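>>> Give me the fold of what follows.
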Amino acid sequence: MTVRIVVVSHSEKIADGAVELAAQMAPDVMMVPAGGTSDGRIGTSMEKVMAALETAAGADGVVVLTDLGSAVMTAESAMEFAEGSTPVLLADAPIVEGLVAAAVAAQGGASVHAVRRAAEATHGYPASRPKAEEHLPGGTHAAARAGASVVAPDALPAAEPAAPDAAGDFELVNQAGMHARPAARIAGGLSALDAEVTVNGVDGASMTGLMTLAAGKGSVLHVEAFGPDAERAVAYVAGLVRGGFGEP
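Residues are numbered from 1 along each chain as shown. Next up, the predicted model:
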């Protein structure tokens, strides 16, 4: 049994179309659209969202994606009334790109939390930079608090970047190169693994990030992975790339 997905939109056509698109890449994942009002107008319907959650219940979990602000409020209200023990998580993600990434992750057997992460990774990967004090060597925090002299972080020798636990270089062999489908398959699969992965410097779990590479046929993807599943992550990308993502 896989994670299921509910799509809440102000437009019935948008919800149905997004599900139709994502189903091309994740045919085994149940995706339930809940778009528009009950009488076919633009808007959201608590009844439609609750019915969609009921339809999706009983899986390993449910991830909900929404479009505009009031859809979020409708989804949150419906989730409060949802019955059963199935975990239901709301993803903060663009409805189309997020749905595709989430569906591919669910198709690969990812947990409900990993499916939500896959969806939210399509926002990109803004750097959350630590405060300057957090870069100080051990022991200097206390000294700084005590008023002792502390060497400024930019005066310290640059630290050597940590070596990845696994890495590899793989040439794209499919005619279309890195477009939406390959990016979604890479991001979806990696999001289910316990590893931090970069592909040519971008977050490997970000479908949007991978597509910004604009890597065509013959381009080489440099993959670096850190964490317990690092070797599995590199092998996963290698298998997809060498197999041309199942494309000509």
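
>>> Only C-alpha atoms from now on, for both contacts and neighbour counts.
Fine.

>>> who does residue 222 bridge with?
residue 169 (DSSP bridges).

>>> Let me know the pLDDT of it.
If you check residue 222, the pLDDT there is 97.

>>> contacting residues around it?
With contact set as Cα atoms under 8 Å, 6 or more residues apart in numbering, residue 222 has these partners: 167, 168, 169, 170, 199, 200.

>>> Show me just the buried residues among those.
167, 168, 170, 199, 200 (16 or more other Cα atoms under 10 Å).

>>> export those residues to CSV and tack on pLDDT?
Shown next, in CSV, are the buried ones among the contacts of residue 222 (pLDDT from 0 to 100):
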residue, pLDDT
167, 97
168, 97
170, 97
199, 97
200, 96
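
>>> Can you tell me which of these is nearest residue 247?
The closest of those to residue 247 turns out to be residue 170 (Cα to Cα; 16.1 Å).

>>> State the distance from residue 39 to residue 31.
The gap separating residue 39 from residue 31 is 22 Å, by Cα to Cα, to the nearest Å.

>>> ignore the last one, residue 78
Counting by Cα to Cα - residue 78 and residue 31 are separated by 17 Å.

>>> for residue 208, same thing?
To residue 31, residue 208 is 21 Å away according to Cα to Cα.

>>> who's in contact with stretch 50-65?
By Cα under 8 Å, 6+ apart, the list of residues contacting stretch 50-65 reads 1-8, 30-34, 75, 78-79, 81-84, 86-95, 98-99, 111-112, 115-116.

>>> so can I have TSV of the contacts of residue 222 showing distance to residue 223?
Converted to TSV, those look like this (distance: Cα to Cα, whole Å):
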residue	distance to residue 223
167	5
168	5
169	6
170	8
199	5
200	6
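
>>> List just the nearest of the residues you listed to residue 226.
The nearest member of the contacts of residue 222 to residue 226, counting by Cα to Cα, is residue 167 at 9.0 Å.

>>> Helix or strand: which one has the closest one?
With secondary structure defined by DSSP states H and E, residue 167 is part of strand 166-171.
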